[in-house]
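Undergrad: Fold the following for me, if possible:
(2 chains)
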Amino acid sequence: MPGYWGIRIAAAVYIVSSFYLGMQALEFPAGGGTFPLFAQTCAVLISGILIVGSFRSGAREANDRIDFRLTYARAKPLLLLAVSVLYVLVIFELGYFVSTFLFLFLASWLIGIRDLKTVTITAVILIPVMYGFFVVFLQAPLPKGILF
Amino acid sequence: MFAEDTFMYLANVVSPENFTAMLLGVVIGLVIGAIPGLSPPMAIALLIPVSFNMPADTALILLVSCFAAGIYGGSFSAILLRAPGTSASAASSIEGFELTKRGKAIQAIRISTFASVVGGLISGFVLLLLAPPLATVSLMFGPSEYFLVAILGLTAIASVSFGSVFKGLLSGLLGLFLSTFGIDGYSGFPRYTFDIISLESGFGILPAIIGLFAFAQGMELSEGEAKSNISGETALSWNIWPKPSEIFHVRWSLIRGWATGLVMGIIPAAGGSIAQWVAYAWEIRRAKPGDQFGKGEIKGLAATEGSNNGVTGTSLIPMFVLGIPGGISAAVILGALIIHGLQPGMRLFTKNPEVIYTIMWGFIVANVVMGFIAVFLARTMAYLTLFPRGILGPLIIIFSIIGTYAGTNNVDDVWMMMGFGVLGYFMVKHNYSPAGVLLGLILGPIAENGLRDTLVVSYGSPISFMLTRPISVAIIVLILAALYFSFRPKPWEETETDEVKEPARLDD
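TA: Model prediction:
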């Protein structure tokens, strides 16, 4: 898909959501909708300019395209995101040490690291250091789990 | 007589207690400032209990040293990992990280250190010598000025957006809009909470900084070849001291950065956040053909680093003289001042000159000490750039999650941070500005309070009210100038060749 279509779609979505949220702002009491309306009105104007600008001949001739093919390289950030979500979900069950250890190994492996020795050394050094820094020095508790 | 009294208190700074407190403050400030998820106000707040049994001047030296070092510490992770430890270093991450990718991390750290140390020194002397008269400038800022300063900050962001000015403006406006989520401070009415309890306190700045920069960067690092590192280098240079030739090359950028920081620091609340962007925008307007802004231009980094530490001393002026904190860090220091029995105001200078001037000298000396310690700490942290991406990316994700949770003790903020992370990742991909969103979030409350108060005092005619105030008119002119220059082609866009030229002056 040509890049200018991406701009048009994003700007259109922004305009529609601005109108919807702007309608809500009209209901806010005591002038509470003034600033949201100000921000959204400016955003609608800018989005409109972006849409108009996408019809300029220069924009149409630009070579950038939006490629929706999902290759392994493109999937890696999404895989990392998925594993991160899992990490946050399990950290309160398994605790900081176990879940962080597992996350580091799984995430590195998914991204393409196969050198387990380096990952192990990194985990053995950094995970306890982080614990010491946050819990012991800063007195900021980290989640404890079924083990510790 | 004034000069004699002022310089007399310098000797107090080098007493064993005061110097030890300064060292402790600098080290803690640097380390905590460098870690995304932790911030200088947090570091200062942690040190307050430590300072209870100290004399007032020792305690305050500890805290202001931590403040100055924390602001600079945020630049380490900004430059090395594009994960600024503080919002004040967000602009430095643009050119700084590009320099790191080109294998110039140590050069970036050298210039950053010099710019920050000298900026802090100049700012400290301005604080020492000009605090009372400059404080009156702070009083000239009313609600319309605060609103316009916030808009100036956003137009500065737009003018430095490399994708499109309009995309930069849109990013800033998104940030402004997101800042309205939560309970309205005027009416207590929940805005855009969608019956979600965690949204009642709005979007936190901490999750936004970590998500938009650190988490997004962790995702971006995973894209490349897993075994490669950020810089492509296999060893680090040991050349950690600034070279005269490098400083001469960026001299005007440094001066512009320092000047911007000194001036903007006097504006309470807003000045510190936007100083770096105003300095960066000014630097881009002064660009020459062949400059590589957006691809690792050392002049851009020099300007932003000069401004963000140039702000530190002058931002303490409204706090010491008027009791108006210039930011969160200053607010925490103000609390410590009162805990130790000192009342801010002109009486502090007349009844306790030995305390206040010792503190100011402590701040100045702390910037020098910071420079020496920072250089070695930065060299150690620079080893992170040699880590394989496949390990560094997950490590940054871990730090982002743990740092957010440790900072707020609220898992909803962790989800928020990840949401900002996804937003930041895709924004960069499509040439929008995550920094614009962050600045909009920070400036939103300032802009909104300014606008609503202006509407009240102007009886619903804000424009005519603003036009009667000289400072407002001056800021409006600056906004229009920023917009005008942002639409002009940048000098490097006029070059005929696309080759990236390596300036000989930056060779190792």
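
Undergrad: Distance from the chain centre to stretch B:393-410, please.
TA: 21 Å (CA atoms, centre = their mean, to the nearest Å).

Undergrad: Secondary structure class of the residue in the stretch 51-200 of chain B that chain A sits nearest to, three-state.
TA: Nearest residue of the stretch 51-200 of chain B to chain A, counting by CB to the nearest CB: residue B:187, 3.8 Å away. All C-beta spots, glycine's among them, are computed from the backbone N, C-alpha and C. The local conformation at residue B:187, judged by DSSP: H, G, I helix; E, B strand; the rest coil, is coil.

Undergrad: name the element the closest residue to chain A within the stretch 1-150 of chain B belongs to?
TA: Closest to chain A within the stretch 1-150 of chain B is residue B:46: 6.7 Å, counting by CB to the nearest CB. Here residue B:46 sits within helix B:40-51, counting by DSSP states H and E.

Undergrad: Mind listing what's buried along that helix?
TA: B:40-48, B:51 (16 or more other CB atoms under 10 Å in any protein chain shown).

Undergrad: packing partners for the very next helix or strand once past it?
TA: Elements were assigned by DSSP H and E; along the chain past helix B:40-51, the next helix or strand is helix B:56-81. Counting contacts by 3 or more CB pairs under 8 Å, 6 or more residues apart in numbering or on different chains; DSSP states H and E, helix B:56-81 is packed against helix B:16-34, helix B:40-51, helix B:90-101, helix B:105-139, helix B:298-315, helix B:328-339, helix B:353-381.

Undergrad: Single out the most deeply packed of the ones you listed.
TA: Greatest average neighbour count among these goes to helix B:298-315 (a mean of 32), per mean count of other CB atoms under 10 Å in any protein chain shown.

Undergrad: Dump the C-alpha coordinates for that one into CSV.
TA: Below are the C-alpha coordinates for helix B:298-315, written out as CSV (Å, rounded to 0.1, in the frame of the first residue of the first chain):
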residue,chain,number,x,y,z
ILE,B,298,27.3,16.6,17.4
LYS,B,299,26.2,20.3,17.4
GLY,B,300,22.6,19.2,18.1
LEU,B,301,23.8,17.2,21.1
ALA,B,302,26.0,20.0,22.4
ALA,B,303,23.0,22.4,22.4
THR,B,304,20.6,20.1,24.1
GLU,B,305,23.0,19.0,26.7
GLY,B,306,24.1,22.5,27.4
SER,B,307,20.6,23.7,27.9
ASN,B,308,19.4,20.8,30.1
ASN,B,309,22.1,21.5,32.7
GLY,B,310,22.1,25.2,32.0
VAL,B,311,18.5,25.1,33.4
THR,B,312,19.4,23.5,36.7
GLY,B,313,20.8,26.5,38.6
THR,B,314,18.3,29.1,37.3
SER,B,315,15.4,26.8,38.0
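
Undergrad: quick one: it to helix B:40-51, angle?
TA: Using axes from the mean of the first three to the mean of the last three CA atoms, to 10 degrees, the direction of helix B:298-315 lies 40 degrees away from that of helix B:40-51.

Undergrad: Show the average pLDDT along helix B:298-315.
TA: The predicted model assigns helix B:298-315 a mean pLDDT of 91.

Undergrad: cool, and stretch B:212-224?
TA: pLDDT averaged over stretch B:212-224 gives 88.

Undergrad: That stretch close to chain A?
TA: Yes: with CB under 8 Å from any CB of the partner chain as the criterion, chain A is reached by stretch B:212-224 at B:215, B:218-220, B:222-223.

Undergrad: Just the ones of those in helices?
TA: Counting by DSSP state H, these place B:218-220 in helices.

Undergrad: quick one: which of those residues has the most company?
TA: Most neighbours among these, by other CB atoms under 10 Å in any protein chain shown: residue B:218, with 30 neighbours.

Undergrad: secondary structure class for the most far-flung residue of chain A relative to its centre?
TA: The centre of chain A is farthest from one residue, residue A:30, which by CA atoms, centre = their mean lies 34.3 Å away. Under three-state DSSP, residue A:30 falls in the coil class.

Undergrad: one step back: give me the residues contacting the helix holding residue B:46.
TA: Contacts to helix B:40-51, defined as CB atoms under 8 Å, 6 or more residues apart in numbering or on different chains, come from residues A:138, B:21, B:24-25, B:28-29, B:32-33, B:58-60, B:62-63, B:66-67, B:70-71, B:73-74, B:86, B:328-329, B:331-333, B:335-336, B:339-340, B:407.

Undergrad: ok so, going back, for the residue nearest to the residue farthest from the centre of chain A when sequence neighbours are not counted, give me its contacts.
TA: Leaving aside its sequence neighbours, residue A:30 sits nearest to residue B:187 (CB to CB, 6 or more residues apart in numbering or on different chains; 3.8 Å). When contacts are counted by CB under 8 Å, 6+ apart, residue B:187 touches A:28-32.

Undergrad: Apply the buried test to these and list what passes.
TA: In these, the ones that pass as buried (16+ other CB under 10 Å) are A:28, A:32.

Undergrad: hmm, back to that, for the residue of the stretch 51-200 of chain B closest to chain A, what are phi and psi?
TA: phi -110, psi -10 (degrees, to the nearest 10).

Undergrad: Check what pLDDT it gets.
TA: Residue B:187 is given a pLDDT of 87.

Undergrad: cool, and residue A:65?
TA: For residue A:65, pLDDT reads 70.
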